[in-house]
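Student: here is a sequence together with a model predicted from it:
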Amino acid sequence: MRSVTSARSSSAYLILLVIVALAIRLALAPFFGGFQYDMYALADWTWHLQFTPMNLFYEYASSPDHLPGDLWFLWGLGTIFRAFGGMNFESDSYQFAIKTVPALADAAIGILIYTIVASVRSKRDALLSASFYLFNPAVIYLTAVWGQWDSVSMALVLTALWIVVTKRMWLWSVPFLAWAVVIKPPLAPLAGLVVMIPIWRDYLAGHSLGSWLVRSAVRGIAAGVIGLVSVLIVILPYGVGLPGLKTTWQLLDRMQVAIDLYPHRTLAASNIWMLGQSSLARINDETDLMAGFSAQQYGNLLLVIAMAAVIVLLATLIIRRSAVPMLLTSLWMMTLAAFAFFMLPTRVHERYLFPALVCLAVITGLTGGHRRVMALATGTSLTYLLNIAIVYGGFRAAIPEWLGDFVYGSFLSVLAIANIAIFGALVWGMWSLVRSSASESWMAASTTLDQRELAGLDQTAQLTDLRSS
């Protein structure tokens, strides 16, 4: 009886947290016009999505550098806006409507974080991690002030993770991951790590290496087919296809358009390419940097090395059947991958650290709010907030000139150094987690999920064997 009452109480607290967090975002939204270039672009794109055929969108829209993934949300928003009598997509009311999309996505992420953490840890820990995200000043600023939609794609990723963690039919997670990647391609490594959780779990269930490889190959093919079909469903209506299909545009070409739009070392992101810069001035990344190679080439090489290291680490953990908490380890690797995509390559925007912040919010709950994890998550939130606030601007005229020169000058390098330190701490944390057993690590999370899932997988494997015999 007490557990039922506790569950109801926790659910009530969660509902209250979500309502308050949503109210804060919607209350702040009208007081800030959003980033004007983005708002004008979204208004133009909405008009074309409403009044021109979808397959002609990329031909007539103004500088369309987004992939089809989030255009569906924009089309839906425009359709609802028109249904309520709205026609002016440059109006204040539509700008407010634009901000409701990430606000609702934030609410969904808060609920998903709670559900994922509660499946492993206590309801208290789940509420802690959900609160950390829902009331995070950086997240609120990005949604309510700037009006950016970064939370939409991460809501899809967490939906997939929720399916993997709490449901048996993990293949249902693939369409959500495919959709997220067609919004933000840098989420591909995170999507891959989510899919690897059930495959890793399958090996820990006691299968031999050979049997597991065969099963994994079959599952991988199934996931690939589902993912491919999902991508095509999202992109084909916009006249965008994959190699071999006769469409007006190719998905890779649309991605390249977005990548080539700003060929600079950093697009105001406080990463390794911001070091030494004394302003937000953009420096071309295609010129020779050292030994005949450009900054873009060095950045891509560093990113490839980082992704390869994550893959090797994951493969080693799986093959050795390492005694580490699986969900926590997977999320830690997702955080590292997201951080690497922000820190290492060129042409990165200031907002691209957001996926790492979401992953860290989940990790705070999985570790029971451990002080070191909280320090990393808080530090990331602070550097992220300062980075996006500086780029959004609007307050330089209100501060002394000397302070403005510092904030928009050498302070950018200070933020870069702070992010490098956090990235290094995350790498050390991953090393500590791998070297320690689940019971010894300072980041130890409950292994209840692992034990429960393994027991279920054993039963599932037995049923499968019986049906095939």
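Tutor: Sure thing, it's come through. Numbers count the residues shown, from 1 in each chain.

Student: now the residue nearest the centre of the chain, nearest residue through space, not along the chain?
Tutor: Nearest residue to the geometric centre of the chain (CA atoms, centre = their mean): Pro355, 3.1 Å. Of all residues not flanking Pro355 in the chain, Ala338 sits nearest, at 4.0 Å (CB to CB, 6 or more residues apart in numbering). Heads up, the C-betas are built off the backbone N, CA and C, glycines and all.

Student: neighbours around that neighbour, how many?
Tutor: 25 (other CB atoms under 10 Å).

Student: kindly report the same for Val225.
Tutor: 12.

Student: same thing with Leu252?
Tutor: Around Leu252 there are 12 residues (other CB under 10 Å).

Student: may I see the buried residues of the strand or helix carrying it?
Tutor: Using DSSP states H and E, Leu252 sits within helix 251-260. Buried residues in helix 251-260, counted by 16 or more other CB atoms under 10 Å: 251, 254, 257.

Student: do stretch 67-78 as well
Tutor: Buried positions in stretch 67-78, judged by neighbour count with 16+ other CB under 10 Å: 67-75, 77-78.

Student: what sits up against that stretch?
Tutor: 42, 45-47, 49-50, 54, 57, 89, 97-98, 101, 149, 152-153, 179-185, 234-235, 237-238, 240, 251, 254-255, 258 (CB atoms under 8 Å, 6 or more residues apart in numbering).

Student: repeat that for stretch 163-180.
Tutor: By CB under 8 Å, 6+ apart, the surrounding residues in contact with stretch 163-180 are 69, 115-116, 119-120, 153-154, 156-157, 159-161, 187, 191, 194-195, 197-198, 219, 222-223, 226-228, 230-231, 234, 327, 449, 456, 460.

Student: quick check on the residues you listed: which are buried?
Tutor: 69, 115-116, 119-120, 153-154, 156-157, 159-161, 187, 191, 194-195, 197-198, 219, 223, 226-227, 230-231, 234, 327, 449.

Student: all helices of the stretch 1-150 of the chain, in order?
Tutor: Per DSSP state H, counting those that start in this stretch, the stretch 1-150 of the chain carries helices over the ranges 2-28, 36-51, 57-60, 68-83, 92-118, 123-134, 137-140, 150-166.

Student: what packs against the first one?
Tutor: Put plainly, it is helix 2-28. Packing contacts for helix 2-28, counted by 3 or more CB pairs under 8 Å, 6 or more residues apart in numbering; DSSP states H and E, involve helix 92-118, helix 123-134, helix 137-140.

Student: with mean pLDDT and distance to Ser413 added, can I get those in TSV?
Tutor: Shown next, in TSV, are the helices and strands packed on helix 2-28 (pLDDT from 0 to 100; distance: least, CB to CB, whole Å):
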stretch	mean pLDDT	distance to Ser413
helix 92-118	96	30
helix 123-134	95	28
helix 137-140	97	20
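
Student: so can I have TSV of those showing distance to Ala416?
Tutor: Below are the helices and strands packed on helix 2-28 laid out as TSV (distance: least, CB to CB, whole Å):
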stretch	distance to Ala416
helix 92-118	26
helix 123-134	24
helix 137-140	17
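
Student: which residues does the residue lying closest to Phe176 once chain neighbours are set aside contact?
Tutor: Once flanking residues are discounted, Phe176 sits nearest to Ala160: 4.2 Å by CB to CB, 6+ apart. Neighbouring residues of Ala160 by CB under 8 Å, 6+ apart: 173-174, 176-177, 180, 191, 194.

Student: any of those residues buried? List them.
Tutor: 173-174, 176-177, 180, 191, 194.
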